[in-house]
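Asker: Structure of the sequence below:
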Amino acid sequence: MSYFKHHVFFCCNQRGEGETCCNNAGATTAQTYAKDRIGELRLKGAGKIRINKAGCMDRCDQGPVLVVYPEGVWYSYVDCEDIEEIIQEHLVHGRVVDRLRI
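Answerer: Numbering: from 1, shown residues only. Next comes the predicted model:
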């Protein structure tokens, strides 16, 4: 069994000026939002959910991106409303959000 029920990695990579990267599309803001929300919902810790920053995950052209483990489901998102939907649907209720899945 995994230490966390879900482990979420947000690509927060920052490339050079003019290059496509997740951080230029608000990844750090989205990761902070998710981390705060999981805390507010009392869902962080062993056996629950962990939200992490990651370096480049080599999908910046589809970004910003995040991946949820252990399922290995990749998502792209636009704003914190999309992040909230991923939290509520996937992380809380176990339903993949097909419209955001890549």
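Asker: Help me confirm that residue 10 comes into contact with residue 26.
Answerer: No - using Cβ atoms under 8 Å, residue 10 is not in contact with residue 26, being 10.2 Å away. Yep, even glycine has a C-beta here, placed from its N, CA and C like the rest.
Asker: Quick check on the two: which one has the bigger neighbour count.
Answerer: residue 10 (29 against 18; other Cβ atoms under 10 Å).
Asker: quick one: low-confidence ranges for the chain?
Answerer: Across the chain, residues meeting the criterion (pLDDT under 70) sit at 1.
Asker: follow-up on the earlier one: quick one: common contacting residues for residue 10 and residue 26?
Answerer: Taking Cβ atoms under 8 Å, 6 or more residues apart in numbering as the criterion, residue 10 and residue 26 both touch residue 64.
Asker: what about the helices in the chain?
Answerer: Taking DSSP state H to define them, one finds helices in the chain at 27-40, 80-85.
Asker: Buried deepest among the ones you listed, which one?
Answerer: Of the helices of the chain, the one with the most neighbours on average (mean count of other Cβ atoms under 10 Å) is helix 27-40, at a mean of 18.
Asker: which strands and helices sit next to that one?
Answerer: Packing partners of helix 27-40 (3 or more Cβ pairs under 8 Å, 6 or more residues apart in numbering; DSSP states H and E): strand 6-11, strand 49-54, strand 65-69, helix 80-85.
Asker: one step back: okay if I get the helices of the chain as a markdown table plus distance to residue 102?
Answerer: A markdown table is the format used below for these (distance: least, Cβ to Cβ, whole Å):
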| stretch | distance to residue 102 |
| --- | --- |
| helix 27-40 | 14 |
| helix 80-85 | 12 |
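Asker: Any idea which of those gets closest to residue 46?
Answerer: The closest of the helices of the chain to residue 46 is helix 27-40. By Cβ to Cβ, the value is 13.3 Å.
Asker: next one: the closest one to chain centre, how far?
Answerer: 9 Å (Cα atoms, centre = their mean, to the nearest Å).
Asker: Sounds good, over and out.
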